[in-house]
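Colleague: heads up, no residue letters with this:
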Ligand code: HEM
C-alpha cells in the first residue's frame, strides 16, 4: 500500500468511523444501560466507604477541640488547627503522596526545584501536550511500542512514588539527653529531618547529622522557614527557637552524642535558652521533673 | 363547547410542545439519546459517565455542606464537627464528599488510562484529551483547596507545606504563595480565599470544561476499540 498523506489518513479515519457509526447501536438504551450500572456501583462504593468510616468513629470527645478518632479509614477529624500548639502532621491527601515523595528524593537545597517545580511542570506539559507528542496515527497497541512503554512506565512510577510517599518517616533511635533533644524528637522537626543525636529518621528535609549548620542559619531557618520548611515563629517562643537552633548547631555534622564543628556558634545561648523554655526543651531529666 | 377543546392527550402534551417549539430542546434530547455509537463499545467506556455522576454528587453534597460550614478559622473546625456529630445524616454528606473526591481521582486515572489505551486522543479527538487534562489538573487543585477547609492539624500543616513548596518556584512562586495565603501566613483571609476557590472558581471552571468535553464527545462520537473488527470494505463506502 502506498504511504498515505496526513490528509488522506484523516479522511480514511472519518470514513471508517462513519461506517462504524452507521452500523452501530443506539446510545439509548444500550450505552445508557451500562453507564447506569457503573454509576450505581460507583455511588454504592462511595456510600459504602462513608458508612465504614462512620461506623468506626469513637464517641464524641467531651473535651473541646480535640480529635475524634476512627478506624482503618481514619479519624472523623483531627484536633482543631492551632499554629501555637506543637502538633505537627503535614500529611497530604493520598493522591499527593507522589509529589511528597518527589520532594524527599530531591531534598538537598540545590535539587529542591527539580522535585518541587521542574518535574511537576514537565508532567503537566506532557499530559496536556500528549496528543501532539504522540504523532503515530495507529491505534493498535502492537503498533505503538513507544506509547505502550509510556503507558506501562508512568503508572509504575506513580504507584511506586505513592507507595513510598505513604510511609511515615521511619523511627530512629533514642534521643540523647542533651537539652533540646527531646523537643526536637517530639516536635515538628523530627517529621522531616533525620538527626543522629535526636534519634530521628525523617526524610523529607536534609539530614542534620551530615549537615554542619551554624547557630545563626539554624535560627533563621526555624523562625522564617525556607523552601518546603514552614516558619515556626508562630509556633515556638523565642527561647524555644533559640534552644532548638542551639541544639542543632551544637550537634549537627557529628555522630550521636558528639559536638559538631559549629558548636561554638551556639555557645552563648545554648543551653541557657533551653533552661528558660523549660519542659521538653530543658532536657530529659528536667522534662521528667517538670511534667 | 366540548368540540372546541383538543383531546386530553394533546392537552397533556402542550407544555412540552410549547417548550420544544421555542427552544428545540426536545429534538436535541432526542438526538442525544438516539444517536448511534459503534456496536463494539465496551464497559471500559462507561468510566466517563461515572465521572460525570461523581462530579454531580460532589456538587450536591458540597452545596449541602456549604449550608452549615463557616470559612472562619475561629469556627470552621466547629462547624465540621457539628456536621459530623450532630446534623442529621451530616456524617453521610461529609463522608460522601470526602470519599467521593478520592474515588473521583481513581476514576480520572482509569478513564485517562482507557482513552490512552484506545488511542482515543488521536485525530480528531485531540481537544477532548486536552480539555480532560485541564480538568484533571483543576481537580487536583480542588483537592488541595478543599483539604484546608476542615481546619484540623493535618489540614493546616499540609497546606502550610504545600504553599511553601509552591513558593520555591522562581519569580512566580513567592507571588502565588502570597496570593494564595493573602499574606505571609494562613489567616482568616486564607480560609475564605481557599473557600471561594474551592466552591466557586474551580467548580465553575471544571463544570465549563466538562460541558466542552461532553460537547466534543457527542459531536465526535466515542471510538470503537482499536481491536475492532468493524472495518470499511469497498462496497460499504
Ligand atoms: C470529570 C472529568 C471527566 C468527565 C466527566 C469525562 C467524561 C467523559 C465521557 C462521558 C466520555 C465518553 C466516553 C467514555 O466514557 O469513555 C469521555 C471521553 C473522553 N475523555 Fe473524558 N471525562 C473526564 C476527564 C477526562 C480526562 C482527565 C481525560 C484525559 C486527560 C479525558 C479524555 C477523554 C477522551 C480522549 C475521550 C474520548 C474517548 C473516545 O472517544 O473514545 N477525560 N469523557
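Modeller: Yes, it's here. Everything quoted here is computed from the prediction, not taken from an experiment. Numbers count the residues shown, from 1 in each chain, chains lettered A, B, ... in the order given.

Colleague: may I ask which helix or strand encompasses the residue of chain A found nearest chain B?
Modeller: In chain A, the residue that lies nearest chain B is residue A:50 (2.9 Å; CB to the nearest CB). Every residue, glycine included, has its C-beta placed from N, CA and C. When elements are assigned from DSSP states H and E, residue A:50 belongs to helix A:32-55.

Colleague: distance check, the closest residue to the ligand within chain A against residue B:121.
Modeller: Closest approach of chain A to the ligand (CB to the nearest ligand atom) occurs at residue A:127, with a separation of 6.5 Å. With distances taken as CB to CB, to the nearest Å, residue A:127 is found 11 Å from residue B:121.

Colleague: centre-most residue in the chain?
Modeller: Assuming you mean chain A. residue A:100 (2.9 Å; CA atoms, centre = their mean).

Colleague: wait, I meant chain B there
Modeller: Geometric centre of chain B, nearest residue: residue B:55, 3.8 Å, by CA atoms, centre = their mean.

Colleague: please see if the helix or strand hosting that residue touches the ligand.
Modeller: Assigned by DSSP H and E, residue B:55 falls within helix B:47-66. Yes: looking at helix B:47-66 against the ligand by CB under 6 Å from any ligand atom, the contacts come from B:47-49, B:51-52, B:55.

Colleague: now tabulate those residues in JSON lines and tack on pLDDT.
Modeller: Shown next, in JSON lines, are the residues of helix B:47-66 next to the ligand (pLDDT from 0 to 100):
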{"residue": "B:47", "pLDDT": "98"}
{"residue": "B:48", "pLDDT": "98"}
{"residue": "B:49", "pLDDT": "98"}
{"residue": "B:51", "pLDDT": "98"}
{"residue": "B:52", "pLDDT": "98"}
{"residue": "B:55", "pLDDT": "98"}
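
Colleague: return the member of the residues you listed nearest to the ligand.
Modeller: Nearest to the ligand among these is residue B:48, at 2.2 Å by CB to the nearest ligand atom.

Colleague: which one is the closest one nearest to, not counting chain neighbours?
Modeller: Distances taken as CB to CB, 6 or more residues apart in numbering or on different chains put residue B:111 closest to residue B:48, at 5.7 Å, once the chain neighbours are dropped.

Colleague: which helix or strand contains the one you found?
Modeller: Per DSSP H and E, residue B:111 falls inside helix B:90-117.

Colleague: just the buried positions in that helix, please.
Modeller: The neighbour-count check on helix B:90-117 (16 or more other CB atoms under 10 Å in any protein chain shown) flags B:90-101, B:103-105, B:107-108, B:111-112, B:114-117 as buried.

Colleague: still on that earlier bit, so which strand or helix has the residue nearest to the centre of chain A?
Modeller: Per DSSP H and E, residue A:100 falls inside helix A:97-105.

Colleague: next up, the contacts around residue 112.
Modeller: Since no chain was named, I'll use chain A. If you count contacts by CB atoms under 8 Å, 6 or more residues apart in numbering or on different chains, residue A:112 has them with A:103, A:106, A:227-228, B:168.

Colleague: oops, chain B please
Modeller: B:132, B:136.

Colleague: can you add distance to residue A:112 and give the residues of helix B:47-66 next to the ligand back as TSV?
Modeller: Listed next are the residues of helix B:47-66 next to the ligand as TSV, based on distance: CB to CB, whole Å:
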residue	distance to residue A:112
B:47	36
B:48	38
B:49	42
B:51	35
B:52	39
B:55	35
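
Colleague: mind checking which of the residues you listed are buried?
Modeller: Among the residues of helix B:47-66 next to the ligand, those classed as buried by 16+ other CB under 10 Å are B:47-49, B:51, B:55.

Colleague: how about residue B:104: what's its closest non-neighbour residue?
Modeller: residue B:54 (4.8 Å).

Colleague: what's the burial count for that neighbour?
Modeller: Look at residue B:54: counted by other CB atoms under 10 Å in any protein chain shown, it has 23 neighbours.

Colleague: hmm, it is touching residue A:46, no?
Modeller: Yes: using CB atoms under 8 Å, residue B:54 is in contact with residue A:46, at 7.4 Å.

Colleague: name the residues contacting each of these two.
Modeller: Common contacts of residue B:54 and residue A:46, defined by CB under 8 Å, 6+ apart, comprise B:100, B:103.

Colleague: in chain B, what residue lies closest to chain A?
Modeller: residue B:95 (2.9 Å).

Colleague: now for the closest residue to that residue other than its chain neighbours: which residues touch it?
Modeller: Among residues not flanking residue B:95 along the chain, residue A:50 sits closest, at 2.9 Å (CB to CB, 6+ apart). Neighbouring residues of residue A:50 by CB under 8 Å, 6+ apart: B:91-92, B:95-96, B:98-99.

Colleague: go with 6 Å
Modeller: Contacts of residue A:50 were listed using CB atoms under 6 Å, 6 or more residues apart in numbering or on different chains, and they are B:92, B:95-96, B:99.

Colleague: and which of the residues you listed is nearest residue A:257?
Modeller: The closest of the contacts of residue A:50 to residue A:257 turns out to be residue B:99 (CB to CB; 47.3 Å).

Colleague: can you give me the pLDDT of that closest one?
Modeller: pLDDT for residue B:99: 98.

Colleague: for the closest residue to the residue nearest to the centre of chain A other than its chain neighbours, what are its contacts?
Modeller: Nearest non-adjacent residue to residue A:100, counting by CB to CB, 6+ apart: residue A:165, 4.4 Å away. Going by CB under 6 Å, 6+ apart, residue A:165 touches A:97-98, A:100-101.

Colleague: max pairwise distance over the residues of helix B:47-66 next to the ligand: which two?
Modeller: B:47 and B:55 (12.7 Å).

Colleague: distance check, the closest residue to residue B:107 other than its chain neighbours against residue B:206.
Modeller: Counting by CB to CB, 6+ apart, residue B:107 lies nearest to residue B:51, which is 5.1 Å off, once chain neighbours are set aside. Residue B:51 sits at a distance of 11 Å from residue B:206 (criterion: CB to CB).

Colleague: which parts of chain A are helices?
Modeller: A:6-22, A:32-55, A:97-105, A:112-113, A:119-133, A:145-166, A:181-186, A:189-192, A:215-224, A:238-251, A:263-266, A:272-277, A:284-290 (DSSP state H).

Colleague: winner for burial among the ones you listed?
Modeller: Counting by mean count of other CB atoms under 10 Å in any protein chain shown, helix A:238-251 has the highest mean neighbour count of the helices of chain A, with a mean of 26.

Colleague: right, and residue A:95 touches residue B:106 too?
Modeller: No: in this structure, residue A:95 is not within contact of residue B:106 by CB atoms under 6 Å, at 8.4 Å.

Colleague: any low-confidence regions in the stretch 101-250 of chain A?
Modeller: Where the stretch 101-250 of chain A drops to pLDDT under 70, the residues are A:168-173.

Colleague: around chain B, pick out the residues from it.
Modeller: When proximity is defined as CB under 6 Å from any CB of the partner chain, the stretch 101-250 of chain A approaches chain B at A:112, A:116-117, A:127-128, A:131, A:139-140, A:151, A:227-228, A:230.
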